[in-house]
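Peer 1: Okay, predicted coordinates and the sequence, questions at the end:
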Amino acid sequence: DQQVKQNSPSLSVQEGRISILNCDYTNSMFDYFLWYKKYPAEGPTFLISISSIKDKNEDGRFTVFLNKSAKHLSLHIVPSQPGDSAVYFCAASMNRDDKIIFGKGTRLHILP
Amino acid sequence: DVKVTQSSRYLVKRTGEKVFLECVQDMDHENMFWYRQDPGLGLRLIYFSYDVKMKEKGDIPEGYSVSREKKERFSLILESASTNQTSMYLCASSFVDSYNEQFFGPGTRLTVL
């Protein structure tokens, strides 16, 4: 029973274009969402988060959008750069202090 | 520069062996976590600790135990390793008021033969 779903195992995007990574969740009690980025042979690093009281949060090239009615969030990276090639994990929790439920991850390839 | 270190990057053990995975953080974080990462399954929480000598089961605690005798150190113990415990093990830590924003170590790839 997967509560956080990343349905695309991989995604390829041309350098300079927009990368859009999608995530769906099933638990309506989730109210805090995060994205982590993972390079091979390294641990995940926190990228960006959003609370359910917002529908958008922006940090430089990274923007997370939340659509609560659709139980859907997305991470936009623009413009995409070669260093963005990594696995991206979507995650959710019931509040900021609760345990995180991770999705399975999406591998992003930025093409030259 | 914040740091979470794990005792080994690669480990090979035999079925039935007792295995210790060590994690140390230098950020004075109250919370520490152990996850395993498997292809197609993402990260799954094994155990976590919010204080010295305190521990809570995560989603998949069976076959594992933990120990936290000091604030900076959190150990994962496989009492009797089995082949289905072959995995990447990731330790993480966070402040008590920012539980979700966790800092991860580089991981230990454990192979049980």
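Peer 2: Looks like it arrived, so ask away. Numbers count the residues shown, from 1 in each chain, chains lettered A, B, ... in the order given.

Peer 1: Tell me the pLDDT of the closest residue to residue B:95 other than its chain neighbours.
Peer 2: In space, and not counting its chain neighbours, residue B:95 is closest to residue B:29: 5.6 Å by C-beta to C-beta, 6 or more residues apart in numbering or on different chains. For every residue, glycine as well, the C-beta is placed using N, CA and C. Per-residue confidence (pLDDT) for residue B:29: 91.

Peer 1: so after the helix or strand where residue B:69 lies, what's the next helix or strand?
Peer 2: According to DSSP states H and E, residue B:69 maps onto strand B:64-70. Later in the chain than strand B:64-70, the nearest helix or strand by DSSP H and E is strand B:73-78.

Peer 1: which residues are in contact with that following strand?
Peer 2: If you take C-beta atoms under 8 Å, 6 or more residues apart in numbering or on different chains as the criterion, strand B:73-78 is touched by B:13, B:17-25, B:32-34, B:46-47, B:49, B:63-68, B:85, B:89, B:91, B:93.

Peer 1: and the residue nearest to residue B:95, how many neighbours?
Peer 2: Using other C-beta atoms under 10 Å in any protein chain shown, residue B:29 has 22 neighbouring residues.

Peer 1: Now the phi/psi pair for it, please.
Peer 2: With angles defined as degrees, to the nearest 10, residue B:29 sits at phi -80, psi 140.

Peer 1: could you measure it against residue A:80, distance?
Peer 2: The gap separating residue B:29 from residue A:80 is 32 Å, by C-beta to C-beta, to the nearest Å.

Peer 1: Ok, residue A:99 next?
Peer 2: Residue A:99 sits 31 Å away from residue A:80, going by C-beta to C-beta.
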